[in-house]
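*Asks:* Coordinates for the following, if possible.
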Amino acid sequence: MGQTSGRINTIAISPADPQLILVGGATGGIWRSTDGGDNFVPVSDDQIDLAVGSIAFAPSDPSIVYAGMGDVTGGYMGTGVLKSVDSGQTWKPISNESLPAPGTISKVLVEPSDASRVYLTQYAYRASTGQGEVYASGFFVSSDGGKTWIKTLTGLPRDMVHHPTNPGTLYVSMATTFSEQPPSAGLYKSTDGGRTWSPLFVPAYQSATDIRIAIAPSEPDTMYVFTGLLTESEVDVSIHTTRDAGSTWSNIGLSGIDIGGFGYNSFIAVDPIDAKTVYVGTHDLYKSKDGCLTWVNLTKNWHESSDGYDFAPTEATTHSDQHAIAFSESTPRSIFIGNDGGLSVSVDGGETFRSNNASLTLTQFNSITLNPADVTKSCGGTQDNGALIRNSTQTRWMEFFAGDSGKCLIDPANSGVFYVSYIFGGLFRVSNHGTSPASIIATETTFSEPLRYPRIAFYAPFDINSVSGALYFGTSRVYISTNRGNDWTPLGIDRDLTEGTTPFGADVLTAIGITPADSNAVYSGSAQGRVMVTKNGINWLERKRGLPRRFVTSLVIDRENANKAYVTFSGFGSGHIFKTVNGGVDWTDISKKLPNIPVNALLIDPLDAITLYAGTDVGVFRSTDDGANWSRFNDGLPPAIITGFSSRLSGEIQVATYGRGAYELTR
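*Replies:* Numbers count the residues shown, from 1 in each chain. This is a model prediction of the structure:
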């Protein structure tokens, strides 16, 4: 498969120059290539945020480009719309308060004959109060080049296309429109530039897991709808087609396609020349030459078996989980695809692919750990690119454990032993600096949870005592292992440390705080804001008084004083960093001078206990007075989502970004 990078949401090829390509990293910003995708440079690092949902050139004037910010799939909010007037070299924010922000924009299109008329679909919007404003989602139109916007259709849009020859004719798919009367989910059509809408295709359910659309450029009366409802009890995913512009529809069904990840990795597209050649993206990229009757798996990550589909990455031609596709107008057999591993290109209609990731640093790190015995070595867990290791002699990170990796921890007694967390309850031990086969040290059943729908976070909290080497893992309780993961026991009396089952769902632990100062002192935090503390490793006390009911992202305890700790929160419209000096009995909000943005991680400077680093959704902020004041600290670091810090007592500090790789602080 070649080099991998991170998830790409959108690919745009200039209609004036097929060598000019823009890609939008899900959380890595806008990147520009002038040589057909062989080399890219980041061009939006001077903006507020780096989550990109969609990019569109203006067909009538390709020097004008629009970018809709926000990552629908990951839920990372964006700041509205950016615009470039120099073919994507530089960008400026243009949308005003008429477009609610922050939000997640799923698609941007430009009217072919008018570069100032822009359409977008915003899938989600979160008000500054922190309450979800779902009715702010929908279809928006601008007639002044993206500055002011009017919403004309309310709901949760998933896709949008423009008729290839009829001006002002648009199609928008809605997962739901929140209508009191049906229809709700479905395909909607406008013939007046998005001013009014009428239903064109209605599935058999009110709300869809996903609904994607494609129109044949060579035969505009031919359209395809890829939709379905995927729940614990119902699986209904199919493709519908029309040959008469939507007057009649046929359900083709769906045979020979792996629908794993439907709603996460889903798209459908039609070949620019042949209306019967259709591409569908799920785990893999599939191609049909007969109008969706039969399919060929082009990327070969997953193979059908008697048990469903088996993962076989050694046979794959590119990374798994497809999110975007684009065709070159000058060479229609050239196909660009974006997936969880970055960008790949085919010049033969998908028969072969090559990686185009050499210059794209979009890796989404979930964690980073400095080797305690060797400052030149680090490891980290990433989204769908495994656990990675790097040392000073390597030019790139190397994968030693596959899949989604949350934490990569290093044994303080033997720095060649790594502990890796997979999703939910999967824990592994790898020896010899990642070169030995991984040993399973825990599964969901180890923690008395079912393999299907366990009460464990997707990336569960996992930590190690830097002195004793004891391992800690969180479900709805905290478990401890003192023998390198061979055995696990609940820490303390048998009680739920979360808010339990609530109207928002079953709560889970999301953070654990430990300290070498006192091995009996442990703090826990949950997705719904419950903080608990034990001082003796047996009895737990609730310590959430004065704290917001928000997702707890991290808990950091002072190395020398177990009563002094910090807790950080995600969300909006509340405090994001709180400090205690009495073991959680009282908490003080020390984030009042920070922007109203999620804080995901915190570090106490190893050389100065009153210097703090806050990892936010827009980079790092630093305080040199224990949180009284904060200042942006992104010199040399893009405004990326920060997911973790790691340090050594000698002063080295490294940071994990979710979308732009890993960085080291230069003192």
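
*Asks:* Now for residue 377: which residues touch it?
*Replies:* 370, 371, 389, 390, 391, 392, 415, 433 (Cβ atoms under 8 Å, 6 or more residues apart in numbering). In short, each C-beta sits where N, CA and C put it, glycine included.

*Asks:* Also residue 529?
*Replies:* Contacts of residue 529 by Cβ under 8 Å, 6+ apart are 499, 544, 547, 548, 549, 550, 551, 552, 569.

*Asks:* can you do 7 Å?
*Replies:* 544, 547, 548, 549, 550, 552 (Cβ atoms under 7 Å, 6 or more residues apart in numbering).

*Asks:* One more: residue 652?
*Replies:* Contacts of residue 652 by Cβ under 7 Å, 6+ apart are 370, 375.

*Asks:* Ok, residue 358 next?
*Replies:* residue 3.

*Asks:* cutoff 8 Å now
*Replies:* Contacts for residue 358 (Cβ under 8 Å, 6+ apart) come out as 3, 38, 39.

*Asks:* and if you look at residue 231?
*Replies:* residue 209 are the contacts of residue 231 under Cβ under 8 Å, 6+ apart.

*Asks:* Repeat that for residue 628.
*Replies:* Here residue 628 is in contact with 590, 593 (Cβ under 8 Å, 6+ apart).

*Asks:* From here on, call the first residue 38.
*Replies:* OK, 38 is where the count begins now, so the last one is residue 665.

*Asks:* Would you confirm that residue 628 contacts residue 636?
*Replies:* Yes: at 6.8 Å, residue 628 and residue 636 qualify as touching, with contact defined as Cβ atoms under 8 Å.

*Asks:* can you list residues touching both of the two?
*Replies:* By Cβ under 8 Å, 6+ apart, the residues touching both residue 628 and residue 636 are 613, 614, 651.

*Asks:* which of these are buried?
*Replies:* 613, 614, 651 (16 or more other Cβ atoms under 10 Å).

*Asks:* did I read that right, the last one in a strand?
*Replies:* Yes: following the definition DSSP: H, G, I helix; E, B strand; the rest coil, residue 651 is counted among the residues of a strand.

*Asks:* Could you measure from residue 138 over to residue 161?
*Replies:* According to Cβ to Cβ, to the nearest Å, residue 138 and residue 161 sit 11 Å apart.

*Asks:* Break the protein down into its structural domains.
*Replies:* Following automatic domain parsing, the chain resolves into domains at 45-392, 627-704.

*Asks:* In CSV, list those domains along with distance to residue 477.
*Replies:* Formatted as CSV, the domains of the chain follow (distance: least, Cβ to Cβ, whole Å):
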stretch, distance to residue 477
domain 45-392, 17
domain 627-704, 24
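
*Asks:* how about those domains in a markdown table, adding mean pLDDT and distance to residue 504?
*Replies:* Shown next, in a markdown table, are the domains of the chain (pLDDT from 0 to 100; distance: least, Cβ to Cβ, whole Å):
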| stretch | mean pLDDT | distance to residue 504 |
| --- | --- | --- |
| domain 45-392 | 93 | 34 |
| domain 627-704 | 96 | 11 |
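
*Asks:* which stretch among those domains comes nearest residue 543?
*Replies:* Smallest distance to residue 543 across those (Cβ to Cβ): 13.5 Å, for domain 45-392.

*Asks:* Show the end-to-end separation of the closest one, please.
*Replies:* From its first residue to its last, domain 45-392 covers 13 Å (Cα to Cα, to the nearest Å).

*Asks:* and what of stretch 539-546?
*Replies:* 14 Å.

*Asks:* Drop anything exposed from the contacts of residue 414.
*Replies:* 407, 408, 426, 427, 470.

*Asks:* what is the residue lying closest to the first one once chain neighbours are set aside paired to in the beta sheet?
*Replies:* If I follow you right, that is residue 407. The shortest distance from residue 407 to any residue other than its chain neighbours is 4.5 Å, reached at residue 683 (Cβ to Cβ, 6 or more residues apart in numbering). Under DSSP bridges, the beta-bridge partners of residue 683 are residue 691.

*Asks:* so how far is residue 445 from residue 683?
*Replies:* Taken as Cβ to Cβ, the span from residue 683 to residue 445 is 10 Å.

*Asks:* Which residue is the nearest non-sequential neighbour of the residue sitting nearest the centre point of the chain?
*Replies:* Closest residue to the average C-alpha location of the chain: residue 111 at 3.4 Å, with Cα atoms, centre = their mean. Take residue 111 and drop its neighbours on the chain: the residue closest to it by Cβ to Cβ, 6+ apart is residue 63, 5.9 Å away.

*Asks:* Count the residues that sit near the one you found.
*Replies:* When neighbours are counted by other Cβ atoms under 10 Å, residue 63 registers 29.

*Asks:* Now do the contacts for it.
*Replies:* 43-46, 88-89, 108, 110-111, 113, 360, 399, 401, 696.

*Asks:* and the gap between it and residue 338?
*Replies:* 19 Å.

*Asks:* now do residue 373
*Replies:* Taken as Cβ to Cβ, the span from residue 373 to residue 338 is 18 Å.

*Asks:* again, but for residue 189
*Replies:* Relative to residue 338, and taking Cβ to Cβ, residue 189 is found at 40 Å.

*Asks:* And residue 543, by the same measure?
*Replies:* 31 Å.

*Asks:* what is in contact with residue 683 and residue 445 at once?
*Replies:* Here residue 683 and residue 445 have 405, 406 as joint contacts, going by Cβ under 8 Å, 6+ apart.

*Asks:* higher neighbour count, these two?
*Replies:* For residue 683 versus residue 445, neighbours defined as other Cβ under 10 Å are more numerous around residue 445 (30 against 24).

*Asks:* Hmm, that one is touching residue 423, no?
*Replies:* No: the pair residue 445 and residue 423 fails to qualify as a contact (Cβ under 8 Å) at a distance of 9.4 Å.

*Asks:* Need the residues touching each of those two.
*Replies:* residue 438.

*Asks:* Now the residue nearest to residue 111. Its backbone dihedrals?
*Replies:* Phi and psi for residue 63, reported as degrees, to the nearest 10, are phi -50, psi -40.

*Asks:* likewise residue 351?
*Replies:* Dihedral angles (degrees, to the nearest 10) for residue 351: phi -70, psi -20.
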